[in-house]
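Undergrad: no letters, just coordinates:
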C-alpha cells in the first residue's frame, strides 16, 4: 500500500487564460498517477489518501475521486473553506525570461498531513504493517520529522519501507542544504526527486534551470554526491527524467511521453506529482525501479494534456479516451527498453 502527505487544493490558475476552482494539489496528482498506473481495481484500492474539504467542497469532485477506485478518506469541516491556491506565471509577458516559470501561493490556510493523521484516519496497524511507501511533498525539515515519527511506529528493523520525496520548491535552495543532508543521513531509504530547476537551485542559489540533457545529467551526478547513497530522480520537464540504476549505477534516461508530440501539452501543472505518484505505486507493487520510471512517464502524460485532471471513464477504464496499457505499449515501441508490455502488466497486476 502507498499513501501521500500531499494535499487536495482547489486551484485558481492565472495564465493566458484564467481558471477558477480547478482540482489540484500535490496529493491529488500523486494519487492520480497511482490510479492511472493501476489497471486492476483490487490493487488500485490499496492507494490511500486523505482529502480535506470545507463547506464549499464540490460534490462533483467527490464523485470524480470515487470513480477512480482509490481509497479516499474525506475530512469535511463545514466551519472552514476548502484549501485554495493560486498558480501564476510572472514572466508570461517578459522578454528574455522563462515564460514557463510557474509560481504558487496559498489563498486560504493549509492543512498539513502528518503521521498522526495517517494513524488517526487509517489506523496504527495499517500504517505500521501495510503502508510501505510514503510519497512526501514537503520541506527537508518536515520530511525528517515524518521519518522520525514513522521510525517509532515501524519499530521493527526488518520492516522495510520507502520514502519518495519531492522537496517543497520554495525551500529547495542552497541556504537549506544542511537540512537536506540530515534527511539523506537518516537510516530510511529515500528516493529523492526534485525537478531540474529545484535541483540546480539546491546546489547554487539563483542558478539557471538546465535546458539540455547533458546539463541535466551533470546535475544528476552532483545531486547524487549530495544524496549520500540514496536514489535520485531528476524530473526534467519536456526532456523526461534522468536517474541511475540502483543495480549497476548506469545512467538511465526516460524521455517524456510527449517529447515527439509537444503540441499535446496544454498545462504542465501536476505533471511531476503525477510522475511520482505513479512511480511510488509501481515501485511498491513490483520493486522494479526501471519499470516504475517507465510507468511514471506514461502516467505524467495524461496530467498535462488539459487544465486540471484528465477525463476518466470508469466503464472503459480510459483516461482522455485511451487506456494506460495502450499508451504504455506505444511508449515501449518508441523507446528501446528491455521490458515487454506483457512483463510489465504481469508485474503490476500481481
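TA: Yep, it's here. Everything numeric in this text was worked out from a predicted model, so none of it was measured. Numbers count the residues shown, from 1 in each chain.

Undergrad: give me the low-pLDDT residue ranges for the chain?
TA: The chain contains residues with pLDDT under 70 at 96-100, 157-159.

Undergrad: now the helices for the stretch 201-350 of the chain?
TA: 213-226, 271-286, 289-303, 324-334, 341-348 (DSSP state H, counting those that start in this stretch).

Undergrad: neighbouring contacts of the shortest one?
TA: When you say that, I think you mean helix 341-348. Contact with helix 341-348 is made by 37-40, 43, 282, 285-286, 288, 291, 294-295, 325, 328-329, 332, as judged by C-beta atoms under 8 Å, 6 or more residues apart in numbering. C-betas here are computed from N, CA, C, even on glycine.

Undergrad: please identify the deepest-packed of the helices of the stretch 201-350 of the chain.
TA: helix 271-286 (a mean of 28; mean count of other C-beta atoms under 10 Å).

Undergrad: coming back round to it: which of the helices of the stretch 201-350 of the chain sits closest to residue 125?
TA: helix 271-286 (18.1 Å; C-beta to C-beta).

Undergrad: element containing residue 131?
TA: Under the criterion DSSP states H and E, no helix or strand holds residue 131.

Undergrad: just to revisit the earlier point, residue 166: which of the helices of the stretch 201-350 of the chain is closest?
TA: helix 271-286 (5.7 Å).

Undergrad: centre of the chain to the closest one, how far?
TA: Here helix 271-286 shows a centroid-to-chain-centroid distance of 7 Å under the convention C-alpha atoms, centre = their mean, to the nearest Å.

Undergrad: make 50 the starting number, not 1.
TA: Fine by me, first position is 50 from now on; the one you just mentioned is helix 320-335.

Undergrad: and the angle for it with helix 390-397?
TA: 80 degrees (axes from the mean of the first three to the mean of the last three C-alpha atoms, to 10 degrees).

Undergrad: give the other helices and strands that helix 320-335 contacts.
TA: Helices and strands touching helix 320-335, by 3 or more C-beta pairs under 8 Å, 6 or more residues apart in numbering; DSSP states H and E, are strand 51-53, helix 75-85, strand 182-187, strand 211-216, strand 280-284, helix 338-352, helix 390-397.

Undergrad: which one of these lies nearest to residue 366?
TA: Closest among the helices and strands packed on helix 320-335, using C-beta to C-beta: helix 75-85, at 10.1 Å.

Undergrad: which helices and strands sit right next to that closest one?
TA: Short answer (3+ C-beta pairs under 8 Å, 6+ apart): helix 75-85 packs on strand 51-53, strand 96-102, helix 108-117, strand 182-187, helix 320-335, helix 338-352.

Undergrad: surely residue 217 touches residue 190?
TA: No. Assessed by C-beta atoms under 8 Å, residue 217 is found out of contact with residue 190, at 9.5 Å.
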